[in-house]
Structures are given as C-alpha cells and as structure tokens.
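Student: sequence isn't available, so here's the structure alone:
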C-alpha cells in the first residue's frame with residue numbers, strides 16, 4: 001500500500017526535472033504566498049489613490065515631510081534621494097531619470113496643486129556667471145594694491161554657483177571701488193526670433209542662451225506653421241550666445257515666432273549676487289557683499305579686516321545633464337552615473353558636482369548601490385567597488401566576477417548590498433565577490449524565458465519582486481525569498497510600477513494611473529495554484545482516497561475581524577459612518593467609497609483538488625471540508641501529479657490507495 005503526503009509547501013525550481021524536485025516543491029506555484037510552509041492565496045491589491053498623471057505611472061515615491069504625506073509619480077524610471085542637509089526644514093528632494101537632474105522642496109512639490117506631484121521642480125545646480133565684473137577705482141591715497149574681483153549667483157535655498165571670470169584691478173586701498181557689469185539672470189523662457197533647418201538639425205535664434213546647455217529639456221510652443229517644432233525636446237548644442245540647436249527634419253529658412261521654456265527652470269526666486277575679492281598678495285577670495293539680482297552696481301569701501309567669509313565654490317560645477325542612478329551616502333555626498341563616469345557631489349552640497357570628483361571606468365554604467373560610504377557600480381560588463389570615504393579620494397577596484405547588469409530598473413538595494421539581474425541569473429553584490437543567487441534554480445535557457453532585461457523590481461519583506469515580460473509578451477511577477485532562496489513563486493499581475501514604502505513598511509503597485517496597496521483587499525482573494533512534482537511510482541496503481549487540510553473557517557475568521565472594524569466605525573458615528581463631506585484629506589479615500597467593509601459568504605470559499613496524468617487533468621473535485629474523500633476507480637498510473645487551486649490557506653494534502661491509510665498522515 002502507498003500513500004503520499006505534502007506539507008510545508010515550497011515554490012518552483014525550474015532548473016530541476018519535475019520528477020526530481022522535492023516532494024514539497026512545485027512545478028507551478030502561482031498567485032500564492034508561502035507563509036511558514038502554508039500555501040496562502042494572495043489578496044487583490046486595493047486602490048488607495050487615483051493619480052491624474054497624464055500617462056502610465058512608472059515610478060512611485062511615498063514622501064513625508066513633517067506630518068504631510070503625499071505620493072509622487074513619474075512616467076519614467078526615476079531615482080529619488082532625500083536631502084542630506086541637517087534639519088532641512090524645506091524637505092528638499094533630488095532626482096534623476098526624468099530628463100535633466102532636478103531638485104524640489106515640499107512646498108515646490110505641492111505648489112498649490114491637487115496633483116500630480118511634484119507640481120514644480122528646478123534644474124539641479126546654479127549656473128555660473130559668464131562674464132567678469134567691471135571694476136572702476138577712484139580717489140583715495142596711497143598705498144595702492146591689486147585686487148581680484150569675482151561674483152557668484154546664490155538662490156533662495158542658499159545654493160551658490162561657481163565664480164565668474166576674474167577681474168584684476170589696481171588702485172588706492174582707501175579709494176572707492178565700484179563693481180558693475182554683471183550678467184542678467186539666466187533665462188527660463190524667451191521668444192524665438194528665427195528658425196533655420198538642415199541635416200536633421202534646427203537652429204533656434206533667441207535673445208540669449210545664457211543658462212542653456214546641451215542636454216537641457218525645453219518646451220517649444222506657438223510656432224506658427226512649424227508644428228513639427230512644437231513640443232518637448234532636448235538641446236543638442238549651444239554654439240553661441242543667441243542660438244541653440246535641436247533635432248528636427250525641417251529644412252531651409254523656416255521663419256520666426258513662438259517661444260521656448262525650460263522644462264525644469266533655474267531657481268530664480270530671491271536670487272542674489274555675491275561679490276568676492278582678494279587683497280594684495282593674499283589670494284583668498286572673501287565675501288564683500290550680497291546684493292539683489294536687480295542691483296546693477298556696488299560701491300566697495302570695505303576694509304580688509306571687515307571681510308571674514310571665504311569663497312567656498314571655486315570647484316563647484318553643475319551635475320552632468322545625463323546623470324542617472326542617483327543615490328545618497330552617509331558622508332553627505334550624492335553619487336550618480338554619467339556614461340562611464342562615477343560622479344560625486346560635494347558633501348552636504350547636492351547642487352555642486354566638481355569635475356575632480358568624477359572617476360571613469362572602462363565600461364558603461366548601469367546602476368549604483370551604496371554600502372556605507374562605498375559604492376557598488378554595476379556596468380554592462382564587470383561590477384566595480386568604489387571606496388569613497390570622501391569624494392575627493394575614491395579608490396575603484398574591479399570585482400572579479402563577470403556579471404553584467406542587464407536592467408537598471410531590476411536593481412534593488414537590500415541595505416548591505418544590492419540584487420541585480422544578469423544574463424544568467426539574479427546576483428547579490430556586496431563588498432566582496434558577487435554571487436549568483438539563482439544558479440540552483442535556473443539554467444540559462446529557463447532564465448532567458450523571464451527576459452531579465454525587462455525586469456522592474458523592488459525589495460519587500462526580504463523578497464525580491466520583479467515584473468517581467470514572458471516569451472508570450474505577457475507580464476508576470478517573479479518572486480524570490482532571499483532569506484530562503486530555494487524556490488520561486490509567480491504572480492499573474494502586470495503592475496506598471498512597484499514600490500516598498502519606508503513610511504509604513506507596505507508594498508505598493510501602480511496600475512496605469514492608480515496606486516494600490518499590495519495584497520490588501522481581504523474580500524478579494526486570488527485563486528492560488530500549486531502543482532506538485534510528478535510522483536514516480538514503483539508500479540501502476542489506483543489511488544482511491546485523498547484529503548486536504550485547509551482553513552475552511554477562513555471566511556468566518558475574516559468576517560469576525562471585519563465585523564469588529566465595522567462596529568468601531570459605527571460606534572463613532574452611527575448616523576454618518578463615513579464622516580462629513582471633505583472630512584478626509586484629499587486623495588486618501590476613493591470618491592463615494594465607504595469605510596464599512598462587506599462581509600464574505602461561506603460560498604466564496606473555493607478549494608479544488610485535481611489529479612494529473614501525463615500532463616492532462618483526469619479528475620478534479622471541489623473540497624468543502626477536511627474530511628477524506630474518494631477518488632475515481634478505473635485508472636492506473638505509474639506517475640501522478642496533484643494540483644491544488646484555492647482561495648483559502650491550505651496546510652497539507654495526502655493521497656492513498658485506501659481510505660484507512662490517510663489516518664494520521666496529515
């Protein structure tokens with residue numbers, strides 16, 4: 001007599017033949033969780049916010065500033081870093097991936113808007129002045145001295161530019177030194193005075209190109225008869241002070257009209273000019289004065305002893321326009337990738353990215369991950385480890401494992417390192433060698449079926465979740481429990497974005513423009529499907545009885561919890577349990593939605609037991625309780641597979657030749 005029992009369920013092991021996997025491992029494990037060995041169905045995600053973003057959400061960010069919590073969304077894959085500045089009352093954020101590098105604050109983010117957020121952002125960094133100041137000296141008496149004058153821009157957030165070109169002037173020490181000839185503020189928008197095209201490029205004439213550079217995103221509107229130019233595009237080059245070039249198939253002298261605007265403008269509000277000078281043989285630049293951007297000249301009669309603040313932005317540079325994969329480090333610096341360069345900001349100055357803080361490597365950068373003050377650099381060939389206690393002294397070493405990262409959006413930070421997809425599996429990168437986490441689960445051909453280059457991943461509850469495209473062009477989610485990486489699960493769901501929130505510890509997904517809380521709608525369990533190994537028998541036999549242990553009281557338990565929650569709501573206000581109109585914060589609950597939750601019917605339970613022979617189901621039955629039940633006669637099989645389809649937790653199942661053999665098995 002033979003009996004088979006399965007308990008302590010596990011997931012799939014695609015690498016191993018279906019006859020050779022463990023008795024509790026699966027050929028298929030879909031739409032389920034393995035909770036302490038229990039086969040647990042997933043619940044549908046529940047909508048918590050409807051965004052008005054005009055296109056599909058590809059990045060979510062749960063942002064909290066003081067007691068204010070909002071959702072930020074983008075139609076691109078974006079990397080967001082919070083401000084490293086101590087006690088930052090503005091709640092600054094920095095991000096890359098949405099065009100040029102940008103920054104915003106909480107107030108700029110909401111900007112009197114109902115969404116989508118961020119409502120407003122600025123280009124990251126402060127553009128330096130183009131021209132040296134004009135300095136005229138009059139009066140005074142000997143002795144004379146030489147001075148060098150420069151000036152900078154400083155915005156409302158105390159972010160300061162690199163200095164202007166220098167002006168060297170000699171005059172009497174106690175004379176009147178008049179500083180003028182300042183540049184006007186950089187432009188965020190201007191009219192188009194002429195357009196000409198050819199060879200795939202359109203040359204745009206405008207009154208000034210100060211503040212524009214290659215890689216900037218602009219929006220062009222109102223170009224009469226030149227509809228091909230209207231829209232958003234990137235600047236290819238800025239050849240002179242009155243022209244910039246964009247990609248266009250227009251040709252010839254096209255005309256004039258319309259205007260251009262930076263998509264992320266310069267932060268011009270409250271902008272001031274800072275004037276610095278040296279004195280005699282002392283080459284240190286010290287602050288003379290801060291003057292409004294509207295002030296055209298300044299009379300300097302200050303004595304050297306009055307100057308105490310040094311110029312701190314001699315090495316300041318704007319970040320590269322193609323910066324991506326932004327991360328923050330404990331030393332206060334930010335880091336990002338630009339082509340084959342690893343770039344760092346100055347510590348606690350996210351707007352300043354000195355050229356001296358950039359380090360190249362012989363491959364293309366894909367993504368970054370921080371380990372303390374060190375950085376793992378994932379590339380299209382070997383990964384690198386950059387030891388960066390301070391950004392001006394970084395040591396880079398190649399990690400001697402060939403593991404190209406094939407998807408930037410498939411990289412997740414796990415604290416002590418990162419997990420990323422490569423051509424032959426999922427890798428864990430830490431300070432030492434990288435290792436393939438899935439080598440025991442997938443051969444190369446099975447891994448290829450997941451299309452790792454399409455991975456979009458997040459890390460939650462020690463699990464790696466990756467949405468991916470299958471060979472059949474349908475998206476699924478692949479789940480690996482990193483704490484027990486002996487099998488994988490699959491989920492038939494196609495989110496456009498996923499996000500593990502640090503604010504509440506929950507996993508969220510985006511579906512189009514909706515934001516949903518994962519595995520949270522307890523009234524809508526999925527049908528979990530688990531298909532066993534192919535059990536090989538010593539001789540053909542007819543199993544005659546089976547038994548499934550499941551949580552057949554699950555609905556009653558859920559209803560008890562739901563009733564308790566509903567009672568609390570009704571006790572607080574029985575006449576109006578959903579509260580007064582506009583009582584809840586905007587976008588925290590669905591319009592016309594209710595706080596009262598519906599109860600589940602016992603008929604909603606569904607557990608289906610099936611027998612499979614040679615890949616075909618030849619018997620299935622719905623199971624309503626944990627009592628043994630009979631299987632059909634008239635068949636014999638020397639191999640057999642069992643599948644369970646259930647929307648309630650399943651603890652175990654067993655099959656036997658006769659009913660008596662089931663006693664005590666489960």
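Tutor: Sure thing, it's come through. Predicted, not measured: the structure shown is a model, and the values here were computed from it.
Student: from here on, contacts and neighbour counts on C-alpha atoms
Tutor: Noted.
Student: just checking, next helix/strand downstream of the one helix or strand in the chain whose mean pLDDT sits lowest?
Tutor: Lowest by mean pLDDT, DSSP states H and E among the helices and strands of the chain is helix 554-572, with a mean of 60. Under the assignment DSSP states H and E, the closest C-terminal helix or strand after helix 554-572 is strand 607-613.
Student: can you pull out the helices in the stretch 101-250 of the chain?
Tutor: 106-110 (DSSP state H, counting those that start in this stretch).
Student: pLDDT weak spots in it?
Tutor: For the stretch 101-250 of the chain, applying pLDDT under 70 flags the ranges 224-227.
Student: same deal with the stretch 501-650 of the chain?
Tutor: In the stretch 501-650 of the chain the weaker segments, taking pLDDT under 70 as the threshold, are 554-603.
Student: again, only this time at 50
Tutor: Confidence mapping of the stretch 501-650 of the chain against pLDDT under 50 gives the ranges 557, 585, 588, 602.
Student: ok, residue 478 to residue 35 distance?
Tutor: 17 Å (C-alpha to C-alpha, to the nearest Å).
Student: which of those two has more neighbours?
Tutor: residue 478 (20 against 14; other C-alpha atoms under 10 Å).
Student: which residues touch the more buried one?
Tutor: 464, 465, 466, 467, 468, 488, 489, 490, 491 (C-alpha atoms under 8 Å, 6 or more residues apart in numbering).
Student: what of residue 110?
Tutor: Applying C-alpha under 8 Å, 6+ apart, the residues contacting residue 110 are 117, 118, 119, 120.
Student: excluding its backbone neighbours, what's nearest the second one?
Tutor: What that stands for is residue 118. residue 109 (4.2 Å; C-alpha to C-alpha, 6 or more residues apart in numbering).
Student: and for that neighbour, the neighbour number?
Tutor: Around residue 109 sit 22 other residues, with neighbours defined as other C-alpha under 10 Å.
Student: now do stretch 367-381: distance to the chain's middle.
Tutor: 16 Å (C-alpha atoms, centre = their mean, to the nearest Å).
Student: distance of residue 98 relative to residue 500?
Tutor: Taken as C-alpha to C-alpha, the span from residue 98 to residue 500 is 20 Å.
Student: of the two, which one has the most company?
Tutor: More crowded of residue 98 and residue 500, by other C-alpha under 10 Å: residue 500, with 19 against 15.
Student: hang on, isn't that one packed against residue 516?
Tutor: No: between residue 500 and residue 516 there is no contact under C-alpha atoms under 8 Å: 11.7 Å.
Student: identify the contacts common to the two.
Tutor: residue 508.
Student: ok, what's across the strand from the closest residue to residue 7 other than its chain neighbours?
Tutor: Distance criterion C-alpha to C-alpha, 6+ apart; nearest residue to residue 7, sequence neighbours excluded, is residue 652 at 4.5 Å. On DSSP bridges, the residues paired with residue 652 through beta bridges are residue 7, residue 549.
Student: so what's residue 652 up against?
Tutor: Residue 652 touches 5, 6, 7, 8, 9, 38, 548, 549, 550, 666, counting by C-alpha under 8 Å, 6+ apart.
Student: most neighbours among the residues you listed, which one?
Tutor: Counting neighbours by other C-alpha under 10 Å, residue 548 leads the contacts of residue 652 with 25 neighbours.
Student: I figured that one hits residue 648, correct?
Tutor: No: the criterion here is C-alpha under 8 Å, and residue 548 misses it with residue 648 at 11.8 Å.
Student: export the contacts of residue 478 to a markdown table and tack on distance to residue 369?
Tutor: As requested, the contacts of residue 478 are exported to a markdown table (distance: C-alpha to C-alpha, whole Å):
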| residue | distance to residue 369 |
| --- | --- |
| 464 | 16 |
| 465 | 17 |
| 466 | 17 |
| 467 | 20 |
| 468 | 21 |
| 488 | 24 |
| 489 | 26 |
| 490 | 26 |
| 491 | 27 |
